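1. no sequence on this one, just coordinates:
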């Protein structure tokens, strides 16, 4: 039997059934009208934001990275919980504006911004995090044509990365940002152009659970921001310190100690060099804010035994939960937190594989996990589904289409 990932704290059972946002899983399915569906609990969003605010220095602003989950009702809740939003496409800008978000609170990062995306952002008053000198040239030319003053920052490719991160966004050759040694010259040019100079965006990595590694990276980021600001010859109005805060997905993962991160950052803020004395700082988080607030519910449509192994076949799968399935194949497959929602908390009775409805052996939500006896009609819950699920999975693969999404 292979261990399952840790279910986030706070989920409870009512009469043997998983409760999400105060409602039973079966009631949520009835409300949605079908399975599969994603359920996002607003109370858990508020609790996570509150815990983070309490742990971080008061000076630090909090931004939400929309790429984690751009569901409109969720964005509306987040608007009251965070200070800003970070987008990565003009499509996300459309979603942000549809949710009523103020463009002045939005910044736009990502390599390969098209001219129409630059124009949309400049016209709306969004801050552009420039990823290259060429992108800077295009943004300035578009702003001149429109007769507008663009809000411009530079995304820096730092000469370090976040140790232990799931994805390294800095250090060495990267498609993201401008190599640190070239940043001061571009900053001086942007300031001389009359643009609204917004500062630096420095993102070194993501999905880290090591508080010491995050604290070290934040210290390096502050040192780099000070050096680049000095070399640019101008005050630094704003600095996005990136994110990198991870959540436990797999057996053996331990939650990030955010209090330790906050204490270390607070100590660094108390000893900032003069060049950063007036700088406004933020962190940019996605999965840490919303990941554990989401649950993916899918119904068992068949139960079968093959060569002695039990298979629970669901109407969902990797087309909605690509990461839980192993991202189209991993060298060592580890299980996400998965449970039988309609028998939540019941004792383990059998070893079973939870698989989806797609015609591929990669469509597997749990591999030889320990579960209570489950049958056709029971609901399976995949936890940590609030981030990089619905919009980061191939929903159109094999024609099954997207899942329903609910905020409760």
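-> The structure has been received and is ready for your questions. All values reported here derive from a predicted model rather than from experimental measurement.
2. and the strands in the stretch 301-408 of the chain?
-> 309-314, 338-340, 350-355, 364-371, 379-382, 404-407 (DSSP state E, counting those that start in this stretch).
3. same question, the stretch 101-250 of the chain
-> With DSSP E, counting those that start in this stretch as the criterion, the stretch 101-250 of the chain has strands at 106-108, 127-130, 151-157, 167-168, 178-179, 196-202, 205-206, 238-240.
4. so, low pLDDT: which residues of the protein?
-> When residues are selected by pLDDT under 70, those of the chain lie in 161-174, 329-331.
5. one step back: and the strands of the stretch 101-250 of the chain: which comes nearest residue 12?
-> For the strands of the stretch 101-250 of the chain, the distance to residue 12 is smallest for strand 205-206, at 30.1 Å, taking CB to CB. The way it works is simple: take the backbone N, C-alpha and C, and place the C-beta from them, glycine included.
6. from the contact counts, what lies against that closest one?
-> Here strand 205-206 touches strand 167-168, going by 3 or more CB pairs under 8 Å, 6 or more residues apart in numbering; DSSP states H and E.
7. recalculate using a threshold of 10 Å.
-> For strand 205-206, the packing partners by 3 or more CB pairs under 10 Å, 6 or more residues apart in numbering; DSSP states H and E come out as strand 167-168, helix 211-232.
8. and the last one, which residues are buried?
-> In this case it means helix 211-232. Under the neighbour-count criterion of 16 or more other CB atoms under 10 Å, helix 211-232 has 211, 213-218, 220-222, 224-226, 228-229, 232 buried.
9. coming back round to it: now distance to residue 65 and mean neighbour count too, for the strands of the stretch 301-408 of the chain, in TSV please.
-> Compiled in TSV, the strands of the stretch 301-408 of the chain are given as follows (distance: least, CB to CB, whole Å; neighbours: other CB atoms under 10 Å):
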stretch	distance to residue 65	mean neighbour count
strand 309-314	29	18
strand 338-340	26	25
strand 350-355	29	21
strand 364-371	25	21
strand 379-382	22	26
strand 404-407	18	19
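10. between these, which one is nearest to residue 66?
-> Nearest to residue 66 among these is strand 404-407 (14.6 Å), distances taken as CB to CB.
11. who does that closest one pair up with?
-> Taking DSSP bridges as the criterion, strand 404-407 sits next to strand 37-40 (parallel) in its sheet.
12. residues contacting the residue lying closest to residue 310 once chain neighbours are set aside?
-> In space, residue 310 comes closest to residue 352 once its chain neighbours are excluded; the distance is 4.2 Å by CB to CB, 6 or more residues apart in numbering. By CB atoms under 10 Å, 6 or more residues apart in numbering, the residues touching residue 352 are 1, 300, 303, 305, 309-312, 340, 366-374.
13. and the gap between the closest residue to residue 375 other than its chain neighbours and residue 17?
-> With CB to CB, 6+ apart as the criterion, residue 375 has its nearest non-adjacent residue at 5.8 Å, and that residue is residue 303. Spatial separation of residue 303 from residue 17 under the definition CB to CB, to the nearest Å is 19 Å.
14. how about residue 53?
-> From residue 53 across to residue 17, the span is 33 Å (CB to CB).
15. more neighbours: which of these two?
-> For residue 53 and residue 17, the more surrounded residue by other CB atoms under 10 Å is residue 17, and the numbers stand at 18 against 14.
16. with adjacent residues omitted, what lies nearest to that one?
-> Distances taken as CB to CB, 6+ apart put residue 24 closest to residue 17, at 4.8 Å, once the chain neighbours are dropped.
17. which ones are touching that neighbour?
-> Residue 24 touches 13-18, 30, 341-342, 344, 379, counting by CB under 10 Å, 6+ apart.
18. which of these count as buried?
-> Applying 16+ other CB under 10 Å to the contacts of residue 24, the neighbour count classes 13, 17-18, 341-342, 344, 379 as buried.
19. just put the residues you listed in a markdown table and tack on distance to residue 317.
-> Rendered in a markdown table, the data for these read as follows (distance: CB to CB, whole Å):
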| residue | distance to residue 317 |
| --- | --- |
| 13 | 25 |
| 17 | 22 |
| 18 | 19 |
| 341 | 16 |
| 342 | 19 |
| 344 | 21 |
| 379 | 14 |
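20. which two in those are spaced the farthest apart?
-> Of all pairs drawn from those, the greatest distance, 12.7 Å, lies between 13 and 379 (CB to CB).
21. okay, and the common contacts of the two?
-> When contacts are counted by CB under 10 Å, 6+ apart, residue 13 and residue 379 are jointly contacted by 24-25, 339, 341-344.
22. nearest to residue 273, of those residues?
-> residue 339 (49.8 Å).
23. residues contacting that closest one?
-> Residue 339 neighbours (CB under 10 Å, 6+ apart): 4, 7, 11, 13, 18, 25, 295, 345-346, 354, 366, 369, 371-372, 374, 379-383.
24. how many residues are close by the closest residue to residue 392 other than its chain neighbours?
-> Counting by CB to CB, 6+ apart, the nearest residue to residue 392 once its immediate chain neighbours are dropped is residue 322, at 6.5 Å. Residue 322 is surrounded by 20 other residues when neighbours are defined as other CB under 10 Å.
25. now do the contacts for residue 322.
-> Neighbouring residues of residue 322 by CB under 10 Å, 6+ apart: 328, 362-363, 388-389, 392-395, 397.
26. how near is it to residue 356?
-> On the measure of CB to CB, residue 322 and residue 356 end up 11 Å apart.
27. hey, what's in contact with both of those two?
-> The contact lists of residue 322 and residue 356 share 362-363, where a contact means CB under 10 Å, 6+ apart.
28. so which residue of this structure lies furthest out from the middle?
-> For the chain, the C-alpha lying farthest from the average C-alpha position belongs to residue 307; by CA atoms, centre = their mean, that distance is 39.6 Å.
29. save the helices and strands packed on strand 205-206 as JSON lines, and put in distance to residue 121 too.
-> Rendered in JSON lines, the data for the helices and strands packed on strand 205-206 read as follows (distance: least, CB to CB, whole Å):
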{"stretch": "strand 167-168", "distance to residue 121": "24"}
{"stretch": "helix 211-232", "distance to residue 121": "23"}
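30. which one of these lies closest to residue 62?
-> Shortest distance between residue 62 and these, using CB to CB, is found for helix 211-232: 14.3 Å.
31. report the angle between that closest one and strand 196-202.
-> Taking axes from the mean of the first three to the mean of the last three CA atoms, to 10 degrees, helix 211-232 and strand 196-202 form an angle of 140 degrees between their directions.
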